[in-house]
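Visitor: what follows is a predicted protein model with its sequence.
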Amino acid sequence: QVQLVESGGGLVQAGDSLRLSCAASGRTLSIYHMGWFRQAPGKEREFVAAISRNGLSTNYADSVKGRFTISRDSAKNTVYLQMNSLKAEDTAVYSCAAARGTLYTQIGPYEYWGQGTQVTVSS
């Protein structure tokens, strides 16, 4: 079992930056590919970014490419999402998730999920 806890969300203005963290307990994250997803009010959960087990490969949604960066620190058993140039449309609950296999952009293959952290961007 893996327990994931996100932190770092908050209320910011458009153009600001935030760094989200996803801390894991129960098992090392090094055996999992990790993803970040978000869900805005009234919308379905959507893929944001993913990073491979070894941290060498990443994948991003087109809407965040060039603004968001996913990274991981194996020593801290933590995954990060650096979000720059935030826009109002980035407002959502952001959740991290763990999966085996590959860098999935779909929700289904992810086995473990955190509870999410709220990001609100005012325009």
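Guide: Looks like it arrived, so ask away.

Visitor: would you list every one of the strands in the protein?
Guide: 3-7, 10-13, 18-25, 33-39, 46-51, 58-60, 68-73, 78-83, 92-99, 112-113, 117-122 (DSSP state E).

Visitor: to residue 105, which of those lies closest?
Guide: strand 46-51 (4.3 Å; Cβ to Cβ). From N, CA and C alone the C-beta is placed, and that goes for glycine too.

Visitor: what is the burial count for residue 119?
Guide: Residue 119 has 22 neighbours, counted by other Cβ atoms under 10 Å.

Visitor: would you confirm that it contacts residue 94?
Guide: Yes - contact criterion Cβ atoms under 8 Å: residue 119 and residue 94 qualify, at 5.6 Å.

Visitor: who touches both of those two?
Guide: Here residue 119 and residue 94 have 9, 20, 38 as joint contacts, going by Cβ atoms under 8 Å, 6 or more residues apart in numbering.

Visitor: turn those into CSV, including distance to residue 87 and neighbour count.
Guide: Shown next, in CSV, are those (distance: Cβ to Cβ, whole Å; neighbours: other Cβ atoms under 10 Å):
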residue, distance to residue 87, neighbour count
9, 15, 18
20, 16, 24
38, 12, 24
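
Visitor: ok, the residues you listed vs residue 79, which is closest?
Guide: With Cβ to Cβ as the yardstick, the closest approach to residue 79 among these comes from residue 20, at 8.8 Å.
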